[in-house]
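# Quick one: sequence plus predicted model below, questions after.
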Amino acid sequence: MPTSTLDRGLVFLMRVLTGWLFLYAGSWQILQGYSAGGFLNHVKTFHDLFAAFATPAVLPYTDFLMKWGHFLIGLSLVSGFMVRVSGPFGILLMVTYHFAHMDWPFIENHLALFVDYHLTYAVVIAYLMVHHAGHVWGLDGLVERLPFIERNPALRPLFA
């Protein structure tokens with residue numbers, strides 16, 4: 001965990017800003033009734049893989065997981081609650097989006113060659129997990145000290 005005030009401030013800022021991106025995206029998708037079907041059916045690289053998630057039988061599950069995944073990952077990061085749990089899901093989502101936006105060798109447009117912001121977000125989330133970002137002015141540090149968690153050591157990895 002970062003020790004200097006500057007390090008803690010930067011970790012906090014990265015956690016909240018990254019969390020806000022997810023939280024807002026999930027909120028918008030839920031409130032607007034957004035569906036990923038159109039996007040998934042027009043993916044160029046790995047088309048067959050992504051189109052499978054847009055079939056009529058699978059799309060409702062894809063949409064539900066995408067919308068609520070964004071929302072819950074964002075809520076976790078903004079609040080600093082269970083960052084170790086939400087982090088891998090955020091990384092998986094960002095890496096999936098990276099490949100979904102690919103038009104080999106470009107990502108989304110000709111200005112992004114091999115790398116785009118989705119990979120940057122994935123690395124930021126990994127950094128936040130490694131540096132126990134939920135303990136930096138977040139709920140993980142508080143929850144970890146609750147008597148219930150202290151009496152049940154199996155739960156500690158969720159917050160530590």
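Alright, I've got the coordinates.
# Contacts made by stretch 4-19 with the rest, please.
2, 73-80, 83, 90, 121, 124-125, 127-128, 131, 133-134, 136-138 (CB atoms under 8 Å, 6 or more residues apart in numbering). C-beta here means a position set from N, CA and C on the backbone, and glycine is covered the same way.
# what ranges do the strands span in this structure?
102-103, 106-107, 109-113 (DSSP state E).
# and the nearest residue to Gly87 once chain neighbours are set aside, how many residues sit next to it?
Excluding its sequence neighbours, the residue lying closest to Gly87 (CB to CB, 6 or more residues apart in numbering) is Met129, at 4.0 Å. Here the count is done by other CB atoms under 10 Å, and Met129 has 18 residues near it.
# need the contact list for the one residue sitting closest to the centre of the chain.
Using CA atoms, centre = their mean, the residue of the chain that lies closest to the mean C-alpha position is Gly90, 2.3 Å off. By CB under 8 Å, 6+ apart, the residues touching Gly90 are 18, 22, 73, 77, 121-122, 125.
# same check, this time on Glu108
101-102, 116.
# On the pLDDT front, check it for me.
Model confidence at Glu108, expressed as pLDDT, equals 77.
# For it, give its distance to Phe39.
Distance of Glu108 to Phe39, computed by CB to CB, to the nearest Å: 12 Å.
# ranking the strands of the chain by burial, who's on top?
Mean neighbour count (mean count of other CB atoms under 10 Å) peaks for strand 106-107 among the strands of the chain, with a mean of 20.
# about what we covered before: my guess is the residue nearest to Gly87 meets Val83, correct?
Yes - the pair Met129 / Val83 is scored as a contact, 6.3 Å apart, by CB atoms under 8 Å.
# Understood, closing this out.
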